[in-house]
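In: Quick one, what's the 3D model for this:
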Amino acid sequence: MKKPGSFWLRRHFHNSSSKIMLLLIINGESKEVASTSLKDLFVELSLPAPLMLVEHNGKALLRSQWESVALAAGDRLELMKVAAGG
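Out: Presented below is the predicted three-dimensional model:
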């Protein structure tokens, strides 16, 4: 496994503007994202925020805590969609 910092943060160039990409571990898989907040991440990944449960670095988050979470390179997220049925 690579050392933290050696690959977690990458800079991509597109049309002469740079965009910082974060490498997160989402549901056990590495994924590069541009989002630094959960709200933006849900939009980027086309996930329905009202139906989501979130675990951030091993800690289950209350919905009221989402706004205070700043995503950082190397963070581990478990994202679960609540489904009702019978």
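In: Any regions of this structure where pLDDT drops low?
Out: 1-18, 86 (pLDDT under 70).
In: Repeat the analysis, applying 90 as the threshold.
Out: 1-20, 83-86 (pLDDT under 90).
In: longest strand of it?
Out: strand 17-26 (DSSP state E).
In: In stretch 41-54, which residues are buried?
Out: L41, F42, M52, V54 (16 or more other Cβ atoms under 10 Å). For every residue, glycine as well, the C-beta is placed using N, CA and C.
In: The first one in helix, strand or coil?
Out: Here L41 is recorded as helix under DSSP: H, G, I helix; E, B strand; the rest coil.
In: and it, how far is that from G85?
Out: Counting by Cβ to Cβ, to the nearest Å, the gap from L41 to G85 is 26 Å.
In: Just the residues contacting the next helix-or-strand element following the longest strand of the chain, thanks.
Out: The helix or strand immediately downstream of strand 17-26 is strand 29-33, counting by DSSP states H and E. Strand 29-33 is contacted from outside by R10, M21, L22, L23, L24, I25, L41, E44, L45, L71, using Cβ atoms under 8 Å, 6 or more residues apart in numbering.
In: Quick one: residues contacting the nearest residue to the fifth one once chain neighbours are set aside.
Out: Leaving aside its sequence neighbours, L24 sits nearest to D75 (Cβ to Cβ, 6 or more residues apart in numbering; 5.2 Å). Taking Cβ under 8 Å, 6+ apart as the definition of contact, the neighbours of D75 are L22, L24, I25, H56, N57.
In: likewise G28?
Out: No contacts exist for G28 under Cβ under 8 Å, 6+ apart.
In: mind listing what V82 touches?
Out: So V82 contacts L51, M52, L53 (Cβ under 8 Å, 6+ apart).
In: Nearest spatial neighbour of A72, chain-adjacent residues omitted?
Out: Nearest to A72 is L22, by Cβ to Cβ, 6+ apart, at 7.0 Å.
In: neighbours of the one you found, just the number please.
Out: Applying other Cβ atoms under 10 Å, we find 19 residues neighbouring L22.
In: what bridges to it?
Out: As for beta bridges, L22 partners with L9, V33 under DSSP bridges.
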